[in-house]
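**Student:** Can you look at this prediction? I've put the sequence above it.
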Amino acid sequence: MNRRRNNNKYIFLAAAIVGAGILLAAVYIVILYSVGAIEIGGKSKLAEVVVPEPAPETSQSSDTPQEYEPTAPPEKAPSESVDPASDAPSTAPSAEKPAQSRGIIVIDPGHGKSSSAMSETEKINDGWIYNAQKGGWGEWRHWKSNTMWNDCNGSGCSGRAPQNGGCWYPIGAGDRDTEPQINLNNALAAKLYLEGMGYEVRMTRSSNNTNPSMTQRLKYCYPNLDTTQPPDADAFVCLHSNAGGGRGSYYIALSGLYDQAGISPDYITSGNALGQSINSRIVSETQLSAAGSNGRYDGYPTLVLFCKSPITIAYMEIGFFDNASDLAVLNSSSDAIGKAIAEGINDYMVSSGKAK
Ligand SMILES: [Zn+2]
């Protein structure tokens with residue numbers, strides 16, 4: 001009996017709970033309805049609240065045009081950079097495919113790092129030779145006559161040397177303070193313009209942290225610095241700035257005897273024509289005047305590079321950096337100077353028929 005009574009009790013309780021549940025559910029439905037969560041004819045207030053959800057769709061559709069933009073700018077960017085520097089794009093291909101370049105030009109900004117700051121390893125890597133008899137590090141001025149890449153070692157050469165110099169060029173003779181950076185600025189500017197014109201350019205140094213010997217720099221006349229191959233460069237252009245009193249620009253003229261093996265019969269005339277072409281452009285396109293004899297200077301026909309180069313060579317002395325007025329131009333106009341150098345080289349390449 002007790003059990004049955006208890007059972008009835010439980011049934012009643014369960015019914016009460018279910019009833020309460022139904023009542024709660026009803027109340028909940030009414031609340032939802034009043035809030036608008038339950039659809040009335042397809043739309044509800046909540047649906048309006050949910051409206052933000054379509055927003056993502058809107059932003060998706062606005063993504064679509066954005067997808068075009070990312071592809072568009074990359075197309076624009078290169079073509080835009082082409083305009084100011086139409087050189088840039090044609091530079092890379094021409095540099096990678098020398099066969100298609102208009103010619104190969106070696107640009108030599110002269111001495112770099114001071115020899116006193118170089119370690120022995122640096123001197124060796126930059127092509128300098130240690131010779132106790134000659135008092136230390138340096139290089140030979142000549143090849144043995146009628147040879148190439150066979151240092152004279154003090155004999156068997158023409159013996160040509162400036163003033164009272166011998167066959168030995170001591171490393172310290174090239175040390176400069178101000179000049180390395182000026183030369184480098186002009187050289188880097190010239191390189192950009194030359195590449196824009198379609199030339200392949202090889203730099204004998206691209207920073208002031210190296211100081212290659214002149215003999216070492218001439219290796220750039222050859223494919224991959226391989227001096228057992230025939231030289232493949234068309235011209236070697238030395239870019240220097242002058243000191244010692246004076247102002248203006250000139251090229252140092254070649255003259256007399258050069259007897260390195262393999263040089264062209266027009267080694268002297270082609271080098272002087274190249275120097276004259278470059279200097280004419282510098283004088284006409286910058287604030288620097290012509291020094292020497294209408295831009296030609298005959299004082300140093302025995303330069304090491306003249307005596308050892310395997311190809312047409314020009315040696316420029318661009319402005320006097322110890323002249324305040326020239327220095328101001330050198331410090332402010334390296335771009336214009338570089339452009340003039342490049343155009344002068346191109347003038348020579350075209351007029352000599354060497355430009356491809
Ligand atoms: Zn010699």
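**Tutor:** Arrived safely. Numbers count the residues shown, from 1 in each chain.
**Student:** What ranges does this structure have for its helices?
**Tutor:** 2-35, 45-49, 54-82, 87-96, 120-125, 179-196, 214-217, 267-285, 304-308, 324-332, 334-351 (DSSP state H).
**Student:** so where's the chain uncertain?
**Tutor:** 1-99 (pLDDT under 70).
**Student:** Might you enumerate the residues of it proximal to the ion?
**Tutor:** Residues of the chain lying close to the ion by C-beta under 5 Å from the ion are H142, C152, C157, C167. No exception for glycine: its C-beta is placed from N, CA and C like everyone else's.
**Student:** tell me how far stretch 293-307 is from the chain's mean position?
**Tutor:** 30 Å (C-alpha atoms, centre = their mean, to the nearest Å).
**Student:** List the contacts of it.
**Tutor:** 108, 139, 141-143, 158, 160-162, 165, 169, 214-215, 217-218, 236, 238, 249-256, 258, 260, 271-272, 275-276, 279-280, 283, 291-292, 313, 315, 317 (C-beta atoms under 8 Å, 6 or more residues apart in numbering).
**Student:** If any of the residues you listed are buried, put those into a PyMOL selection.
**Tutor:** Restricted to buried positions by 16 or more other C-beta atoms under 10 Å, the PyMOL selection for the contacts of stretch 293-307 reads:
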select buried, resi 108+139+141+142+143+158+160+161+169+214+215+217+218+236+238+249+250+251+252+253+254+258+260+271+272+275+276+279+280+283+291+292+313+315+317
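**Student:** Which of the contacts of stretch 293-307 fall in strands?
**Tutor:** D108, E139, Y169, F236, C238, Y250, Y251, I252, I313, Y315, E317 (DSSP state E).
**Student:** which of those residues lies closest to the ion?
**Tutor:** Y169 (9.9 Å; C-beta to the ion).
**Student:** T121: what's it in contact with?
**Tutor:** Contacts of T121 by C-beta under 8 Å, 6+ apart: none found.
**Student:** typed the wrong thing, it's T312
**Tutor:** D234, A235, F236, S264, Y267, S270, G271, L274.
**Student:** now N186: how far from the ion?
**Tutor:** For N186, the distance to the ion equals 31 Å [C-beta to the ion, to the nearest Å].
**Student:** these two touch, right, that residue and C238?
**Tutor:** No: between N186 and C238 there is no contact under C-beta atoms under 8 Å: 11.1 Å.
**Student:** any common contacting residues for those two?
**Tutor:** Counting by C-beta under 8 Å, 6+ apart, N186 and C238 have no contacts in common.
**Student:** Apart from its neighbours in sequence, what residue is nearest G275?
**Tutor:** Among residues not flanking G275 along the chain, Y251 sits closest, at 2.8 Å (C-beta to C-beta, 6 or more residues apart in numbering).
**Student:** Who does that neighbour form a beta bridge with?
**Tutor:** R296, M316 (DSSP bridges).
**Student:** what do you get for N242?
**Tutor:** Applying DSSP bridges to N242 gives these bridge partners: F320.
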